[in-house]
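Trainee: Have a look; sequence and predicted model below, questions after that.
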Amino acid sequence: MDGVLHDRRSERTQRGRHRTGSGIGRATALAFAAQGDRVVAADLDPDGVAATVGEIERAGGTAVAVTGDLSEQAVVDRVAATAVERFGGVDVLVNNAGIMDSMSALADVGDAEWERLIRVNLTAPFLLTRAVLPHMLAAGGGAVVNTASEAALRGSAAGAAYTASKHGVVGLTKSLAVMYRKNGIRSNAICPGGTATAIAVEADRTAHGPAAIGPHFVNLGRVSRPEEQAAAILFLASDAASNVNGAILPVDDGWSAV
């Protein structure tokens, strides 16, 4: 799982999981750092996040790592406090936390799988956004970019738990956009299609869920590189998107248009 916070004052006065150590999270952290932003990268994997921070520092950038589970309030508090103590605040928050389900149909989803998916995919972005909002409000604005999913746009791209969690991320994104637009805070989300990351799906293809979903993956489209997803995140966080708020942007080679 992964949260990436960026402070721009220096330039302007998961088990299959998305991580800062790999995939979209790593690509996003490197991209922000490359344009001069200071980065707080959070990840469950200490080696992965340390490697990303080291790569940023070797390239002349500034970054700090926080290790922990972002579905836990204490870890979220530590991430926000680190950003404020080290860099003075938060200008951009990227919520990229995510774990995949087993493509299970609703009747086959166990309580543990449901609760873990909701906790990591939806509650973690909620907790981290809530933690940084006071700092953004005090600064007069900020940008939040969430990683939703193609599964947030349809019912045929994942199992019941993952699909519900990512639809929730879209709702969270839009609610934040409406309620805080007068405070200078923008909230948008990307919906990645197939992307070459470390996230994996462990599913019984003969079970009801995977069997029902299977035919809908025919039009998946080209598998993207993590850097392509990161580029979309950078755009939504940038001044070039200053009037973009509440947008849910598919980055999926047209899969959502099929």
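Mentor: In hand now; what should we look at? Since the structure is predicted, the reported quantities are computational estimates derived from the model, not experimental observations.

Trainee: Determine the three-state secondary structure at C191.
Mentor: strand (DSSP: H, G, I helix; E, B strand; the rest coil).

Trainee: For it, give me its contacts.
Mentor: C191 sits next to 148-150, 152-153, 248-252, 256 when contact means CB atoms under 8 Å, 6 or more residues apart in numbering. Yep, even glycine has a C-beta here, placed from its N, CA and C like the rest.

Trainee: do that again at 10 Å, thanks
Mentor: Applying CB atoms under 10 Å, 6 or more residues apart in numbering, one finds that C191 lies in contact with 146-154, 157, 166, 169-170, 229, 232, 248-252, 255-256.

Trainee: So, low pLDDT: which residues of the stretch 101-250 of the chain?
Mentor: Applying pLDDT under 70 to the stretch 101-250 of the chain flags the ranges 198-203, 216-219.

Trainee: So which of the contacts of C191 sit within helices?
Mentor: 166, 169-170, 229, 232 (DSSP state H).

Trainee: In a markdown table, list those residues along with distance to T206.
Mentor: Below are the ones in helices among the contacts of C191 laid out as a markdown table (distance: CB to CB, whole Å):
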| residue | distance to T206 |
| --- | --- |
| K166 | 25 |
| V169 | 30 |
| V170 | 31 |
| Q229 | 31 |
| A232 | 36 |
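
Trainee: who wins for most neighbours among the residues you listed?
Mentor: With neighbours defined as other CB atoms under 10 Å, the most crowded of the ones in helices among the contacts of C191 is Q229; it has 28 neighbours.

Trainee: Surely that residue and E150 touch.
Mentor: No: counting by CB atoms under 10 Å, Q229 stays clear of E150, with 11.7 Å between them.

Trainee: what do these two both touch?
Mentor: By CB under 10 Å, 6+ apart, Q229 and E150 have these common neighbours: 191-193, 195, 251-252.

Trainee: Please, a PyMOL command that selects the buried ones among those residues?
Mentor: Selection of buried members from those for PyMOL, criterion 16 or more other CB atoms under 10 Å:
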select buried, resi 191+192+193+195+251+252
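
Trainee: Now the two most distant members of the shared contacts of Q229 and E150.
Mentor: Based on CB to CB, the longest span within those runs between C191 and T195 and measures 10.9 Å.

Trainee: Show me whatever sits in contact with both of these two.
Mentor: Both C191 and T195 are contacted by 147, 149-150, 229, 251-252, under the criterion CB under 10 Å, 6+ apart.

Trainee: looking at this protein, which residue lies furthest from center?
Mentor: T206 (30.5 Å; CA atoms, centre = their mean).

Trainee: What distance do you get for that one to L153?
Mentor: 27 Å (CB to CB, to the nearest Å).

Trainee: do the same with G141
Mentor: As judged by CB to CB, G141 and L153 stand 28 Å apart.

Trainee: Pick out whichever of those two has more residues nearby.
Mentor: Higher neighbour count among G141 and L153: L153, with 20 against 14, using other CB under 10 Å.

Trainee: Let's see the pLDDT reported for G21.
Mentor: For G21, the pLDDT comes out at 47.

Trainee: same question, R8
Mentor: For R8, pLDDT reads 40.

Trainee: try G3
Mentor: 43.

Trainee: thinking again about what came up before, of the shared contacts of Q229 and E150, which is the nearest to V79?
Mentor: Taking CB to CB as the measure, V79 lies nearest P192 of the shared contacts of Q229 and E150, at 22.6 Å.

Trainee: Quick one: residues contacting that closest one.
Mentor: By CB under 10 Å, 6+ apart, P192 lies in contact with 18, 23-24, 96, 98, 147-152, 224, 226, 228-229, 232-233, 249-252, 255.
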